[in-house]
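Peer 1: Next one to model:
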Amino acid sequence: MKRKKRSKNKDSHRRIYLLPNLMTSANLFCGFYALIAAIQGHFVKSAIAIMVAALFDALDGKIARVTRTVSKFGLEYDSLCDAISFGVAPGILVYLWALQPFGRLGWLAALLFVACGTLRLARFNTQVDRVSSDYFTGLPIPAAAFMIASTVLLLYRLGGSGTTKHVTILIMIYVLSFLMVSTVKYYSFKRPGLFKTMRFNMLVLVILFSIVVAAEPSVTFFLFMLAYILSGPFMTLWLRKKNHKKEGAPNDNGEVPSQEPV
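Peer 2: Below is the predicted model of the structure:
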């Protein structure tokens, strides 16, 4: 019986599931297209391709969890595709679009973004079985790439065209790179019952948000991503305060546990 169970476990590790890996392949396709578009100077098309890649990246994980087709191969394949779609592609995009005029500081910022994003993916793969799925440790690389893409669309919406030079974008890339490798907590939206049940008021808010996105997609996406990025430090402070209260709470005997090291 033990041998049969072991063989079944080995077979499950060797399986390659079609549907989630098709979504991951679509993610890779969009990331590669974003690279080509950025090199050709089509920065808006490149930004949109990165956003679509983020959609496919969210779908492949959701489909794998719902259909119970999570596999080691899928995890590794997803990380490799993410390194291209959300690391290399946005790094090249932001360098050619806004960082090139800064010289060495510009290409170092783009390199740092790619390096920190890759390190973020490697850390996630090593901790996937040991950390809570409710929160991400560090800013997810798709969110960082989405922030760059939404910034491109916003500036084009405000009248920009072609390349640009803003020191705030240079600073933003360094901040995003730091947040990806930090220990700041970000909500993951992976809770199983999150999208199964919804209150009526929440449904109305979702509909209103969809209308706003349809009316002003570039502005809405930028503000949404900015709010998510800023939520990380506040989330981390709240969790630390919550854990500190738990540590200082009295036990069953009415005693407060000592905070001093033994």
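Peer 1: Can you report how many residues neighbour L208?
Peer 2: Residues lying near L208 (other C-beta atoms under 10 Å) number 10. For every residue, glycine as well, the C-beta is placed using N, CA and C.
Peer 1: Please report how far it lies from S150.
Peer 2: Between L208 and S150 the distance is 20 Å, computed by C-beta to C-beta, to the nearest Å.
Peer 1: OK, contacts around L230?
Peer 2: Residues near L230 by C-beta atoms under 8 Å, 6 or more residues apart in numbering: none.
Peer 1: Next one: it relative to D78, how far apart?
Peer 2: 27 Å.
Peer 1: what comes up buried for stretch 61-73?
Peer 2: By neighbour count on 16 or more other C-beta atoms under 10 Å, the buried set for stretch 61-73 is G61, I63, A64, T69, S71.
Peer 1: Within the helices and strands, which one has the second one?
Peer 2: The reference is to I63. Using DSSP states H and E, I63 sits within helix 43-66.
Peer 1: For that helix, output the C-alpha coordinates as CSV.
Peer 2: C-alpha atoms of helix 43-66 as CSV (Å, rounded to 0.1, in the frame of the first residue of the first chain):
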residue,chain,number,x,y,z
PHE,A,43,5.2,52.3,-25.1
VAL,A,44,1.4,52.3,-24.7
LYS,A,45,1.0,48.9,-26.4
SER,A,46,3.8,47.5,-24.2
ALA,A,47,2.1,48.8,-21.0
ILE,A,48,-1.2,47.3,-22.1
ALA,A,49,0.4,44.0,-22.8
ILE,A,50,2.0,43.9,-19.3
MET,A,51,-1.5,44.6,-17.8
VAL,A,52,-3.0,41.7,-19.8
ALA,A,53,-0.2,39.5,-18.7
ALA,A,54,-1.0,40.3,-15.1
LEU,A,55,-4.6,39.2,-15.8
PHE,A,56,-3.5,35.9,-17.2
ASP,A,57,-1.1,35.5,-14.2
ALA,A,58,-4.0,35.9,-11.8
LEU,A,59,-6.2,33.5,-13.8
ASP,A,60,-3.6,30.6,-14.0
GLY,A,61,-3.3,30.5,-10.2
LYS,A,62,-7.0,30.8,-9.6
ILE,A,63,-7.8,28.1,-12.1
ALA,A,64,-5.1,25.8,-10.7
ARG,A,65,-6.5,26.2,-7.1
VAL,A,66,-10.2,25.8,-8.2
